[in-house]
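**Q** coords below, sequence missing:
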């Protein structure tokens, strides 16, 4: 919320709500989604990479930037990946 300078109360965003669809788009329910754009998606990528020291691949953006739930799952997997790689090489 801070990085994107959104004037939305974080608690008001449902974890499964779409980040990029706006009310009125096909398949979107009224009042759902944050209607973020591609520039804001890039800001999210940069913010996650800076905060957690991970690298988000382009295909992850296309496949996993749907909601807070999907983003948190992506970050969790990226954070666990070095641990899994270290265990495999040990």
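**A** Arrived safely, thanks for sending. As the structure is a computational prediction, the values presented were derived from the model and not from experiment.
**Q** Now do the same for the residue nearest the centre of the chain: helix, strand or coil?
**A** Nearest to the mean C-alpha position of the chain, by Cα atoms, centre = their mean, lies residue 71 at 3.5 Å. Under DSSP: H, G, I helix; E, B strand; the rest coil, the three-state class of residue 71 is helix.
**Q** Residue 67: how many residues sit nearby?
**A** Around residue 67 sit 19 other residues, with neighbours defined as other Cβ atoms under 10 Å. For glycine as for every other residue, the C-beta is placed from the backbone atoms N, C-alpha and C.
**Q** Check the nearest residue to it once chain neighbours are set aside and give its pLDDT.
**A** Take residue 67 and drop its neighbours on the chain: the residue closest to it by Cβ to Cβ, 6 or more residues apart in numbering is residue 16, 5.1 Å away. For residue 16, the model assigns a pLDDT of 92.
**Q** from memory residue 16 sits against residue 71, does it?
**A** No: contact criterion Cβ atoms under 8 Å: residue 16 and residue 71 do not qualify, at 11.2 Å.
**Q** What average pLDDT does stretch 62-74 get?
**A** Here stretch 62-74 scores 91 as its mean pLDDT.
**Q** Can you give the contact residues for stretch 44-60?
**A** The contact list for stretch 44-60 (Cβ atoms under 8 Å, 6 or more residues apart in numbering) reads 3-4, 36, 61, 65, 71, 74-75, 78-79.
**Q** Which helix or strand contains residue 51?
**A** Per DSSP states H and E: residue 51 is located in helix 38-52.
**Q** immediately after that helix, which helix or strand?
**A** With elements assigned by DSSP H and E, the helix or strand that comes after helix 38-52 is helix 58-64.
**Q** how about low-confidence regions in the chain?
**A** Counting by pLDDT under 70, the chain shows low-confidence ranges at 21-32, 83-90.
**Q** Could you rerun that using 80?
**A** Along the chain, the model assigns pLDDT under 80 to residues 21-33, 82-90.
**Q** tally of neighbours for residue 55?
**A** 10.
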